[in-house]
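J.: I would like the atomic coordinates for the input below:
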Amino acid sequence: MKIRVSAVQYHLHTIRSFEEFASQCEHYIKTAQEFGSEFVLFPEFFTTQLLSIGSEQGTSLTINELPGFTEQYKMLFSNFAKDTKMHIIGGTHVINRDGRLYNAAHLFYPDGRIEEQAKLHITPTEVHEWNMSPGEGLRVFDTDKGRIAILTCYDIEFPEIVRMAKAKGADVIFCPSCTDDRHGFHRVRYTSHARAIENQVYVVVTGTIGSLPTVDFMRANIGQAAVITPNDIPFPPKGIMVEGELNDDMIVTADLDLSLLYEVRERGSVTTWRDRRTDLYVDWEKENIEG
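T.: Model prediction:
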């Protein structure tokens, strides 16, 4: 089975209304639709652009106000998914649940369903500056094109959680990201390659670009979309199926052949998933079955 995916290098800039935000999102959605994509990935924290609108009094909005846009955001992206028949990973959006803030990824299905995966590992900035809480559990999502997982930015830097996602049957990991310097960008990029090799899965990653001068901690962004593969003969030698131009406003698209994953897991040059030493460390596949 093949899946066509697009990933958006979302350009953050100051806007004056929700309608401007909607129009920009629609541009990317229509582009992915024209490419015949079945999945489209937006980056982490891209909805912070809404904070640049400011209040009616002309004051700046803070992260605590972002959940106030949740219903508009959900309606917008749910309609996009239903109208285009695409699965949309709507980046992440900050939600308020029982008085606590969560950085939650949203999956919008073509049939109108909306699922969430809160970020599980949160950065010091998210903790100390934005008072966010970590998600409580890993989910995988069934689609008519296969099983996927959504792990946000810092999450991809933890081998255990991706191994759990693979044990639960995920063949594609979508990783919305937001990084403000080259160190952070390369941490996410390099570990995305590591996770693809370790688990013999595809990783689709993207990030924000541009800047929001009036939004704290969103003034600098370095981003690049990429579709990353295992490093074996059926795939590109560098494990990169496609990548964007660093910090350009653009969208990248590629076809993921799931049958190649099954092939390399069985008879690849190396069989990293099959060769796990579960006598030495936890067998997440067994844990998943028994759980």
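J.: rest of the way, CA atoms for contacts and neighbours
T.: OK.
J.: Stretch 208-217 spans what distance, first to last residue?
T.: 13 Å (C-alpha to C-alpha, to the nearest Å).
J.: mind listing what residue 195 touches?
T.: Going by C-alpha atoms under 8 Å, 6 or more residues apart in numbering, residue 195 touches 156, 159, 162, 201, 203.
J.: try it again with 10 Å
T.: Listed by C-alpha atoms under 10 Å, 6 or more residues apart in numbering, the contact partners of residue 195 are 156-163, 173, 201-203, 228-230.
J.: next one: residue 63
T.: Residue 63 neighbours (C-alpha under 10 Å, 6+ apart): 48, 51, 94-95, 101, 129-132, 215-217.
J.: what are the phi and psi values for it?
T.: Torsion angles at residue 63 (phi, psi; degrees, to the nearest 10) stand at phi -60, psi -30.
J.: same check, this time on the one 10 residues further on
T.: With angles defined as degrees, to the nearest 10, residue 73 shows backbone torsions of phi -60, psi -50.
J.: Does it touch residue 93 like I think?
T.: Yes. At 8.5 Å, residue 73 counts as touching residue 93 under the criterion of C-alpha atoms under 10 Å.
J.: more neighbours, the two?
T.: residue 93 (23 against 18; other C-alpha atoms under 10 Å).
J.: how much space between the more buried one and residue 68?
T.: Taken as C-alpha to C-alpha, the span from residue 93 to residue 68 is 11 Å.
J.: likewise residue 7?
T.: 26 Å.
J.: try residue 77
T.: From residue 77 to residue 68 the distance is 16 Å (C-alpha to C-alpha).
J.: Among these two, which residue is more densely surrounded?
T.: residue 77 (25 against 13).
J.: Tell me what residue 92 is bridged to.
T.: As for beta bridges, residue 92 partners with residue 105 under DSSP bridges.
J.: my guess is it contacts residue 177, does it?
T.: Yes. Between residue 92 and residue 177 there is a contact under C-alpha under 10 Å: 8.7 Å.
J.: what touches both of the two?
T.: What both residue 92 and residue 177 touch, as defined by C-alpha under 10 Å, 6+ apart, is the set 42-46, 152.
J.: which one of these sits closest to residue 277?
T.: Relative to residue 277, the closest of the shared contacts of residue 92 and residue 177 is residue 152; by C-alpha to C-alpha it sits at 27.3 Å.
J.: mind listing the helices for the stretch 51-200 of the chain?
T.: 70-84, 124-128, 159-167, 182-199 (DSSP state H, counting those that start in this stretch).
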